[in-house]
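1. structure, please.
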Amino acid sequence: MKYLLVLFLFLSFSTLSLLNAQDENMGMDPEMMKAWQEYMTPGAMHDLLAKSVGEWKTEIKSWMDPNIPPTVTEGKSVCESMLGGRYFHSKETANFMGMPFEGSAITGYDNAAKKFFSYWVDNMSTGGMVLEGSYDEATKTFTYAGSGMSFTGEYKVREIIQYINDDESMFTMYMEEGGKPEMKMMEIKYTRIK
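-> Coordinates of the predicted model:
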């Protein structure tokens, strides 16, 4: 009986030790665990996106036709860090065509794909835009490209975001839809609210 008790205790402790080891690394080998840690850890590219965190005044110019002057309005943008600096949520508010406008973007950098990405939705549609991008250190410029769907069909988008300094940036959006050539649709100057 004594031997059975010792055997039971030995097996219990062995099983607990094994389960604890598996809990720590989920049964992954060390190389897989290292790769996962690198994939999930925010880095220098996330630090670039973090420069957008804060409150911003926006000066918006929008074109429905390149041959007529743009509509000019003002708005506000608030950007917050999410999930430990892995993603960034921006909320834009303004007036557009006499109606309140509200839009949101989730932006991040995928360590595996080595690309920036942005998902955009707003209250003037029921669809969204999906974009991928890159960053040019020399010009301090992000360039995104992607597409979405509207009531007129599928469209393509190109966005350029240039950091002027820590408190100012310029956003420019070009759109191509319905077989028409790409045209400049929007320009937004962001000024940090201090």
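2. only C-alpha atoms from now on, for both contacts and neighbour counts.
-> Will do.
3. so what's Leu82 closest to, chain neighbours aside?
-> Rather than Leu, residue 82 is Met. Phe88 (5.5 Å; CA to CA, 6 or more residues apart in numbering).
4. mind giving me the packing neighbours of whichever strand or helix holds the one you found?
-> Per DSSP states H and E: Phe88 is located in strand 87-96. For strand 87-96, the packing partners by 3 or more CA pairs under 8 Å, 6 or more residues apart in numbering; DSSP states H and E come out as helix 44-50, strand 71-82, strand 99-110.
5. let's see that with 6 Å instead.
-> With contacts taken as 3 or more CA pairs under 6 Å, 6 or more residues apart in numbering; DSSP states H and E, strand 87-96 sits against strand 71-82, strand 99-110.
6. just want the angle from the first one to strand 87-96.
-> Taking axes from the mean of the first three to the mean of the last three CA atoms, to 10 degrees, one finds strand 71-82 and strand 87-96 inclined to each other by 160 degrees.
7. ok, residues contacting strand 71-82?
-> 53-62, 88-94 (CA atoms under 6 Å, 6 or more residues apart in numbering).
8. chain center to it, what's the gap?
-> With CA atoms, centre = their mean, to the nearest Å as the basis, strand 71-82 stands 15 Å off its chain's centre.
9. in JSON lines, list the helices and strands packed on strand 87-96 along with mean pLDDT and distance to Tyr163.
-> As requested, these are exported to JSON lines (pLDDT from 0 to 100; distance: least, CA to CA, whole Å):
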{"stretch": "strand 71-82", "mean pLDDT": "96", "distance to Tyr163": "15"}
{"stretch": "strand 99-110", "mean pLDDT": "96", "distance to Tyr163": "16"}
